[in-house]
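Asks: sequence first, predicted model second:
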Amino acid sequence: MRTLPTITTIADGIALKSPGELTFPIIRHLVDRVVTVEDEETMNAILLLQERCKLQVEGAGAVGLAALLRPGLLNLAGKEVVVLLSGGNIDMNLLGGFIAHGLLSQGRIAIVRTAIEDRPGELNQLLTCIAELQINVRELNYLPTMQALPVQQVEVTLKLETRDREHVEQLLAVLHRRGYALTEIRGPMTGPRRGS
């Protein structure tokens with residue numbers, strides 16, 4: 001048995017530095033294999049359970065589903081499988097963040113930043129390009145930039161409602177072809193993606 005110095009995970013219910021003295025012998029006797037999943041996968045499992053099953057499950061209770069959802073992690077073909085879903089004791093602020101992050105990572109929300117000329121009609125032209133792709137604008141920030149852009153340009157940040165990652169890629173390609181230099185904000189776990 002090994003004790004870890006620290007553990008950082010959203011699944012705080014199973015974030016133990018070492019197994020318990022009573023449970024470890026049982027685990028050694030009965031468990032064939034232990035696998036791990038990333039926090040991002042756990043968040044996606046929480047989102048799936050909320051959206052499709054209307055179940056509120058905390059991180060520790062969603063890791064089993066996260067493991068099942070990762071392609072190639074488990075070989076369960078032809079087997080009957082039961083996944084325990086437990087723990088509805090999840091902080092509402094965390095849950096909101098998990099849902100937002102899950103939508104962002106799945107490409108159902110996209111956040112893009114670009115610069116446009118500061119003259120009438122430029123913003124409308126950008127929004128028309130987006131509307132042509134059947135994408136809904138959820139938030140828009142249109143501010144003179146504090147960065148090193150020419151005085152005649154304005155920075156625009158858009159939070160967009162998209163279908164999936166393929167839809168986001170289609171948007172980026174269209175805007176790129178129309179001359180927009182873009183930065184896609186992918187979230188704290190994936191980082192920004194720049195295009196020109």
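Replies: It's in. Note that the structure is a prediction, hence the values are computed from the model and not measured.

Asks: and stretch 68-85, which residues are buried?
Replies: 69, 85 (16 or more other CB atoms under 10 Å). Placement of C-beta: from N, CA and C, glycine included.

Asks: alpha carbons of it, in CSV - could you do that?
Replies: What follows is the C-alpha trace of stretch 68-85 in CSV, where atoms were taken according to Å, rounded to 0.1, in the frame of the first residue of the first chain:
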residue,chain,number,x,y,z
LEU,A,68,-17.3,3.1,-19.5
LEU,A,69,-17.5,6.1,-21.9
ARG,A,70,-13.8,6.2,-22.7
PRO,A,71,-13.2,4.1,-25.9
GLY,A,72,-10.9,1.2,-25.4
LEU,A,73,-10.4,1.5,-21.6
LEU,A,74,-12.5,-1.5,-20.7
ASN,A,75,-13.1,-4.7,-22.7
LEU,A,76,-16.7,-5.5,-21.7
ALA,A,77,-18.1,-6.9,-25.0
GLY,A,78,-20.7,-9.7,-24.2
LYS,A,79,-20.6,-9.0,-20.5
GLU,A,80,-23.4,-7.7,-18.3
VAL,A,81,-22.3,-4.5,-16.7
VAL,A,82,-23.6,-2.6,-13.7
VAL,A,83,-22.4,0.9,-12.9
LEU,A,84,-23.1,2.4,-9.5
LEU,A,85,-24.2,6.0,-9.6
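
Asks: measure residue 4 to residue 61 for me?
Replies: Taking CB to CB, to the nearest Å as the criterion, residue 4 is separated from residue 61 by 21 Å.

Asks: neighbour count: these two, which is higher?
Replies: More neighbours surround residue 61 than the other of residue 4 and residue 61, with 25 against 9 (other CB atoms under 10 Å).

Asks: who are the packing partners of the helix or strand that residue 101 is a member of?
Replies: When elements are defined using DSSP states H and E, residue 101 is found to belong to helix 92-105. Based on contacts counted as 3 or more CB pairs under 8 Å, 6 or more residues apart in numbering; DSSP states H and E, the elements that helix 92-105 packs against are helix 39-48, strand 109-117.

Asks: please name the nearest non-neighbouring residue to residue 127.
Replies: In space, and not counting its chain neighbours, residue 127 is closest to residue 137: 6.7 Å by CB to CB, 6 or more residues apart in numbering.
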